[in-house]
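Participant: output the structure for:
(one chain, ligands or ions: 1)
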Amino acid sequence: MAHKKVTLGIEIGGTNTSFGLVDILGNCFVESRIPTRLNESPESLFERLFKKFNKIYKEKSSEYELLGIGIGAPSANYYKGTVEYSSNLNWVYVNIKDMVKKYYDLPIVIANDANAAALGEMKFGVAKKMKNFIQLTLSRGFGSGIVVDGNILYGSDGFAGEIGHTIVEKNGRSCGCGRKGCLETYVSTGGLIRTYYELLSKSNEISVLKEFRPSELTSDLILKAAIHGDKLALATFENTGQILGEALANVVAYLNPEAIILSEGIAVAGDLLLVPTKKHMEKNMLNLFQGKVEILLSGLVKGNVAILGASALSWHEIQKKKNIS
Ligand SMILES: [Zn+2]
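Facilitator: Prediction:
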């Protein structure tokens, strides 16, 4: 039987660490996950992870040829193979590459989760034929991966693409980074909830969500209310789309992408977010770019997006090497 060529994708998330084997077409095999425990050492996390992976993989290893490992993690440094100052994981400086090599001596590539998601879109999603695009993950945080000429833009230290921490409002909302007015504090699941309450405090409108305490309200509930025509919930998406669209007009001026892809979190609202975002982006954009930049929703299958992205990091390196040799 022919061996399936695969890479192992590992995504270290705040709640779960997922893994799976992915072939060049984006088919996912041997998929599973373990909970990510807060304050657990990275050594212990990888020990648990590979124990579980090996248990599943050993029985089936004759079916596969494992070519490499791709790892997506918050605050990951592509150049050094490290995770640095990750507040999500409570890790200060961890050399992930060295740690994983002890288990599998294969080519290992690590990048932050947003960059992994961007490569996932390029290999397996809606950006298959694109060379210049931006991928935005709009969940609890605002992740961004920038692809220029077919490669991720890593920058001089490996941390390029922090669009979520560009300031869109002088002396605006407090951000987790310690500054005020960052885009992430407006365009994220938490940002959407804050906007809803701000609008509620200034309005006499009756809203079905009025009875919810702040700790109970979620972005999904706001979406449901908007779908049912709740005026404040609709205004919340309009307002969020305006802030995102205005910010993207600047991003386009820097990077001249052919598309901007939105995924996860508040992006599941689809047109409710897309339409105002597009409108305000076009309104504020330099003539040169008007009508040329598409805003699209992620094309990755729901469920294993993170694994596909992490695996794509490895496939991308393999293909780059092939092109050089
Ligand atoms: Zn910030």
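Participant: now the helices: where do they sit in this structure?
Facilitator: Secondary structure of the chain (DSSP state H): helices at 42-60, 96-101, 113-124, 189-201, 219-227, 231-255, 271-284, 305-324.
Participant: of these, which shows the lowest average pLDDT?
Facilitator: Ranked by mean pLDDT, those bottom out at helix 305-324, with a mean of 90.
Participant: mind putting the helices of the chain into JSON lines with distance to the ion and mean neighbour count?
Facilitator: To be clear about C-beta, it is placed using only N, CA and C from the backbone, and glycine gets the same treatment. Below are these laid out as JSON lines (distance: least, Cβ to the ion, whole Å; neighbours: other Cβ atoms under 10 Å):
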{"stretch": "helix 42-60", "distance to the ion": "25", "mean neighbour count": "15"}
{"stretch": "helix 96-101", "distance to the ion": "24", "mean neighbour count": "17"}
{"stretch": "helix 113-124", "distance to the ion": "14", "mean neighbour count": "28"}
{"stretch": "helix 189-201", "distance to the ion": "11", "mean neighbour count": "19"}
{"stretch": "helix 219-227", "distance to the ion": "19", "mean neighbour count": "19"}
{"stretch": "helix 231-255", "distance to the ion": "13", "mean neighbour count": "21"}
{"stretch": "helix 271-284", "distance to the ion": "20", "mean neighbour count": "19"}
{"stretch": "helix 305-324", "distance to the ion": "23", "mean neighbour count": "22"}
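Participant: reformat those helices as CSV; add distance to residue 85.
Facilitator: Converted to CSV, the helices of the chain look like this (distance: least, Cβ to Cβ, whole Å):
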stretch, distance to residue 85
helix 42-60, 14
helix 96-101, 14
helix 113-124, 15
helix 189-201, 21
helix 219-227, 27
helix 231-255, 25
helix 271-284, 31
helix 305-324, 21
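Participant: ok, residue 9 - contacts?
Facilitator: 19-22, 69-72, 306-314 (Cβ atoms under 8 Å, 6 or more residues apart in numbering).
Participant: so what's it closest to, chain neighbours aside?
Facilitator: Among residues not flanking residue 9 along the chain, residue 311 sits closest, at 3.0 Å (Cβ to Cβ, 6 or more residues apart in numbering).
Participant: ok, that neighbour touching residue 72?
Facilitator: No. Residue 311 is beyond contact range of residue 72, at 9.2 Å (criterion: Cβ atoms under 8 Å).
Participant: ok, back up a step: show me what contacts the residue nearest to residue 9?
Facilitator: So residue 311 contacts 6-9, 20-22, 28, 70, 120 (Cβ under 8 Å, 6+ apart).
Participant: any idea how far residue 29 is from it?
Facilitator: 11 Å (Cβ to Cβ, to the nearest Å).
Participant: check residue 60 too.
Facilitator: In terms of Cβ to Cβ, residue 60 sits 8 Å off from residue 29.
Participant: now do the shared contacts for those two.
Facilitator: With Cβ under 8 Å, 6+ apart, residue 60 and residue 29 have no common neighbours.
Participant: quick one: closest of the helices of the chain to residue 107.
Facilitator: Residue 107 lies closest to helix 305-324 among the helices of the chain, at 6.4 Å (Cβ to Cβ).
Participant: between helix 113-124 and that closest one, find me the angle.
Facilitator: Here the directions of helix 305-324 and helix 113-124 differ by 70 degrees (axes from the mean of the first three to the mean of the last three Cα atoms, to 10 degrees).
Participant: grab the CA positions of helix 305-324 and hand them over as PDB.
Facilitator: The C-alpha coordinates for helix 305-324 follow below in PDB (Å, rounded to 0.1, in the frame of the first residue of the first chain):
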ATOM      1  CA  VAL A 305      -9.100  25.000  10.900                       C
ATOM      2  CA  ALA A 306      -6.300  25.300  13.500                       C
ATOM      3  CA  ILE A 307      -4.700  21.900  12.500                       C
ATOM      4  CA  LEU A 308      -4.900  22.700   8.800                       C
ATOM      5  CA  GLY A 309      -3.100  26.100   9.500                       C
ATOM      6  CA  ALA A 310      -0.400  24.500  11.600                       C
ATOM      7  CA  SER A 311       0.200  21.700   9.100                       C
ATOM      8  CA  ALA A 312       0.300  24.300   6.200                       C
ATOM      9  CA  LEU A 313       3.300  25.900   7.900                       C
ATOM     10  CA  SER A 314       5.200  22.700   7.400                       C
ATOM     11  CA  TRP A 315       3.900  22.000   3.800                       C
ATOM     12  CA  HIS A 316       4.900  25.600   2.900                       C
ATOM     13  CA  GLU A 317       8.500  25.000   3.900                       C
ATOM     14  CA  ILE A 318       8.600  21.600   2.100                       C
ATOM     15  CA  GLN A 319       7.300  23.200  -1.100                       C
ATOM     16  CA  LYS A 320       9.700  26.100  -0.800                       C
ATOM     17  CA  LYS A 321      12.700  23.700  -0.500                       C
ATOM     18  CA  LYS A 322      11.400  21.800  -3.500                       C
ATOM     19  CA  ASN A 323      11.300  24.900  -5.600                       C
ATOM     20  CA  ILE A 324      14.900  25.900  -4.700                       C
END
